[in-house]
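# Sequence plus predicted model, see below.
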Amino acid sequence: MSLLRVESLKISYGGINAVKGIDLEVAQGEMVALIGANGAGKTTTLKAICGVMKPAAGKVHYQGRDITALPSHVLVTMGMALVPEGRGIFGRLTVEENLDIGAYTRRDKAATRAQLAHVYEMFPRLKERRNQTAGTMSGGEQQMLAIGRALMSAPRLLLLDEPSMGLAPLMVQRIFDTIRRVAAEGVTVLLVEQNAKLALESSARGYVMESGKITLSDTAPALLDNPQVRQAYLGE
Amino acid sequence: MDIFLQQIINGLTLGSVYAVVALGYTMVYGIVQLINFAHGEVVMVGAMVGLSVIGALAASSGLPPLVVVLAGAMSAVPVCMAVGYTMERVAYRPLRGAPRLAPLITAIGISIILQQVAMLVWSRNPLSFPQIVANPVFEVAGAHVSAVQIAIVSVSVLMMAVLTLIVYRTRLGVAMRATSENAQMAGLMGVNVNQVIAATFVIGAALAAIAGVMIGTYYGIAHYKMGALLGMKAFAAAVLGGIGNLAGAMLGGILLGVVEALGTGYIGELTDLCHIDWISTSLAQRCAEDGHVVVFGSNYQDVFAFVVLILVLVFRPSGLLGERVGDRA
């Protein structure tokens, strides 16, 4: 059964039709990549899914429920978490306060503390810097924090927007190792990436988005072999 | 009597009230980038409700005076909280995302409405604030300190401490700081941003209520327009400290109170033309008769806050503790 289903979603803002009627689906426990060039509408799609943007038309179903009209803070309580483009960490809060606010909707203190320990185990660097102001950390550390913060809500669906952006190759590897680990732990992942190769190698299936439309959808290995994809997104 | 020390004491008293009111401005600005010009009127409502309750209880209940004053303050708080909440819900929330000028004009409108309602409910004339608590005056190093002054400073410090704890040590506080930094992202963390903004208005209004009762008790008078000037001064204090910055509002309020008190205490002497009575014989003559020919007297008390405001805006627009201002209006 699909955890997330997007139906003929249209989004426009500032007079531009950024997303022109797309369908996509993510099954429970699956990791799916949404790839495409800059400006294809990937981020806008994510924003509509997580309630930040109101779509012009179409529906978003999550856990079998129509969530199109729900605000983002309600979706968090339903187990949805976003790691936004540009990380969106709270630079004036400490690292630990950032993680605390990730668990804002959780009332079970013991489980939250266990989750914090889990995140610190995943990113020992964050533990070292727990009392540091988040804005003073490096880009890679901030990306770790953004992922850790999203995991603090113990999400069922993790939405990631360009987690590799602006990071050194080594850091990109570490971030993707973590994402794969999170997926292996059973979290459903929808990954938006410009780094198509890395995204498809980590995912089970993929969608290709071009100027507001989904032009291809297939299993990840098939997309990696697709001549069109190879030429346009894998630089071959 | 030592004028300097005396004015420092008076300045600290008034300054701590300014600080408490300035916190209301700065908290709201920090979270929604709005100058809530109606905040001064909330202080006035606090003073008026306090006045009514204290007056009624003092006349009929036979409770000890201190209990009556506390009851007055405790009734002012919920009323002001309700005013703060309603204001946000009715006047500002519908304008969220509107151009900045819109909520600013609305704020001025709300402040006029609150003044007029207060005028209808209470009076258009200044009312005397019941002073029922014994107010012994102590002498410290040649200056006078009254029990009310000590109480005002202590209550203000206590409220500032409690507010700091709320903002830095509670779940709501983390949510407030996160919202002030990036409201959309806070929403994505599950923070109900509208609720947090409403809570900010309500907390600021509670502080304003106590400030109103304190200022009424201190001056012994309340008037439906008292909030306007007090509010502007507290706003100046918030700007002096760096608007949006809590520590800045506290520092700015206290500094402004001290500057105002010292300015008021010394302006007469500093602008006394008799220091330069050699420039004309007629002046010398008047000086010989009256002793003083003062250009600006202590009735210029209200000027200092705005001189400070102008100086800050010219030389350090971000305020003493503020970071960047950039395009913030």
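Yep, it's here. Residues are numbered from 1 along each chain as shown, chains lettered A, B, ... in the order given.
# Close to chain B: what parts of chain A are there?
Within chain A, the positions adjacent to chain B are A:50-52, A:71-73, A:76-77, A:81-82, A:84, A:88, A:90-93, A:97, A:100-102, A:104-105, A:149, A:153 by CB under 8 Å from any CB of the partner chain. Yep, even glycine has a C-beta here, placed from its N, CA and C like the rest.
# can you count the residues close to the closest residue to chain A within the stretch 101-250 of chain B?
For the stretch 101-250 of chain B, the residue closest to chain A is residue B:190, as judged by CB to the nearest CB, at 3.4 Å. When neighbours are defined as other CB atoms under 10 Å in any protein chain shown, residue B:190 has 23 of them.
# helix, strand or coil for residue B:283?
Per DSSP: H, G, I helix; E, B strand; the rest coil, the local secondary structure of residue B:283 is helix.
# which ones are touching it?
Residues in contact with residue B:283 (CB atoms under 8 Å, 6 or more residues apart in numbering or on different chains) are B:273-274, B:276-277, B:293.
# Run through the stretch 201-329 of chain B and note the low-pLDDT ranges.
Counting by pLDDT under 70, the stretch 201-329 of chain B shows low-confidence ranges at B:323-329.
# ok, now with 90
Along the stretch 201-329 of chain B, segments meeting pLDDT under 90 span B:244, B:264-302, B:304-305, B:317-318, B:321-329.
# all strands for it, in order.
Along the stretch 201-329 of chain B, the segments classed as strands by DSSP state E, counting those that start in this stretch run B:221-222.
# where exactly do the helices run in it?
B:226-241, B:246-270, B:281-290, B:303-315 (DSSP state H, counting those that start in this stretch).
# Need the winner for burial among the ones you listed.
Of all the helices of the stretch 201-329 of chain B, helix B:226-241 carries the top mean neighbour count, a mean of 26, counting by mean count of other CB atoms under 10 Å in any protein chain shown.
# That helix to helix B:303-315, inter-axis angle?
Orientation check (axes from the mean of the first three to the mean of the last three CA atoms, to 10 degrees): helix B:226-241 against helix B:303-315 gives 40 degrees.
# quick revisit: determine which two of the contacts of residue B:283 are furthest apart.
By the measure CB to CB, B:276 and B:293 form the most distant pair in the contacts of residue B:283, at 10.0 Å.
# of these two, who's got more company?
A direct count of neighbours by other CB under 10 Å for residue B:276 and residue B:293 places residue B:293 higher, at 16 against 12.
# Of all the residues in the helix-or-strand element of chain A with minimal mean pLDDT, which ones are buried?
The helix or strand of chain A with the lowest confidence, counting by mean pLDDT, DSSP states H and E, is helix A:227-233 at a mean of 88. Residues of helix A:227-233 classed as buried by neighbour count (16 or more other CB atoms under 10 Å in any protein chain shown): A:229, A:232-233.
# ditto for stretch B:54-72
Within stretch B:54-72, the residues that count as buried by 16+ other CB under 10 Å are B:54-55, B:57-58, B:68-69, B:71-72.
# ok but residue B:138 is inside a helix, no?
No: read with three-state DSSP, residue B:138 is strand and lies in no helix.
# show me what contacts it?
Going by CB under 8 Å, 6+ apart, residue B:138 touches B:144-147.
# rerun that using 7 Å as the cut-off
For residue B:138, the contact set (CB atoms under 7 Å, 6 or more residues apart in numbering or on different chains) comprises residue B:145.
# Tell me how far residue B:268 lies from residue B:29.
36 Å (CB to CB, to the nearest Å).
# swap in residue B:47?
Taking CB to CB, one finds residue B:47 at 23 Å from residue B:29.
# more neighbours, these two?
More crowded of residue B:47 and residue B:29, by other CB under 10 Å: residue B:47, with 34 against 22.
# residue boundaries of the strands in the stretch 1-150 of chain B?
With DSSP E, counting those that start in this stretch as the criterion, the stretch 1-150 of chain B has strands spanning B:127-128, B:137-140, B:143-146.
# Let's have those strands in TSV, adding mean pLDDT.
Below are the strands of the stretch 1-150 of chain B laid out as TSV (pLDDT from 0 to 100):
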stretch	mean pLDDT
strand B:127-128	94
strand B:137-140	89
strand B:143-146	92
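# Return the most buried member of these.
strand B:143-146 (a mean of 17).
# List the strands paired with it, with their directions.
If you go by DSSP bridges, strand B:143-146 pairs up with strand B:137-140 (antiparallel).
# Longest helix in chain A, please.
helix A:169-184 (DSSP state H).
# so how far is it off the chain centroid?
13 Å (CA atoms, centre = their mean, to the nearest Å).
# What is the next helix-or-strand element following that helix packed up against?
Next along the chain after helix A:169-184, taking DSSP states H and E as the criterion, comes strand A:188-193. Using 3 or more CB pairs under 7 Å, 6 or more residues apart in numbering or on different chains; DSSP states H and E, the elements in contact with strand A:188-193 are strand A:31-36, helix A:42-49, strand A:157-161, helix A:169-184.
# For strand A:188-193, which strands pair with it and how are they oriented?
Partners of strand A:188-193 in its sheet, by DSSP bridges: strand A:31-36 (parallel), strand A:157-161 (parallel).
# Would you tell me which one of those is buried the most?
Counting by mean count of other CB under 10 Å, the most buried of these turns out to be strand A:31-36, with a mean of 26.
# so the residue sitting nearest the centre point of chain A bridges to which residues?
Closest residue to the average C-alpha location of chain A: residue A:160 at 1.5 Å, with CA atoms, centre = their mean. When assigned by DSSP bridges, residue A:160 has beta-bridge partners residue A:83, residue A:191.
# so how far is residue A:63 from it?
As judged by CB to CB, residue A:160 and residue A:63 stand 19 Å apart.
# Just give me the longest helix of chain B.
Ranked by residue count, the top helix of chain B under DSSP H comes out as helix B:3-32.
# Let me see the mean pLDDT of it.
Taken as a whole, helix B:3-32 has an average pLDDT of 94.
# what is the orientation angle of that helix with helix B:246-270?
Interaxial angle of helix B:3-32 relative to helix B:246-270 (the same axes, to 10 degrees): 150 degrees.
# Residue A:124 - how many residues pack around it?
Count around residue A:124 with other CB under 10 Å applied: 10.
# on that earlier part again, so for residue B:161, which of the strands paired with strand A:188-193 sits nearest?
Here strand A:157-161 is closest among the strands paired with strand A:188-193 (CB to CB), at 40.2 Å.
# residue boundaries of the helices in chain A?
A:42-49, A:72-77, A:95-102, A:109-122, A:124-128, A:139-151, A:169-184, A:196-202, A:220-225, A:227-233.
# In contact with residue 59, which residues?
Let's take chain A. A:7, A:66, A:68.
# The chain in question should be chain B.
By CB under 7 Å, 6+ apart, residue B:59 has no neighbours at all.
# so residue B:3 makes contact with residue B:267?
No: contact status for residue B:3 versus residue B:267: not in contact, 11.9 Å apart, counting by CB atoms under 7 Å.
# Among the contacts of residue A:59, name the buried ones.
Here, 16+ other CB under 10 Å leaves A:7, A:68 buried among the contacts of residue A:59.
# and the contacts of residue A:59 as JSON lines, adding pLDDT?
Formatted as JSON lines, the contacts of residue A:59 follow (pLDDT from 0 to 100):
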{"residue": "A:7", "pLDDT": "93"}
{"residue": "A:66", "pLDDT": "95"}
{"residue": "A:68", "pLDDT": "92"}
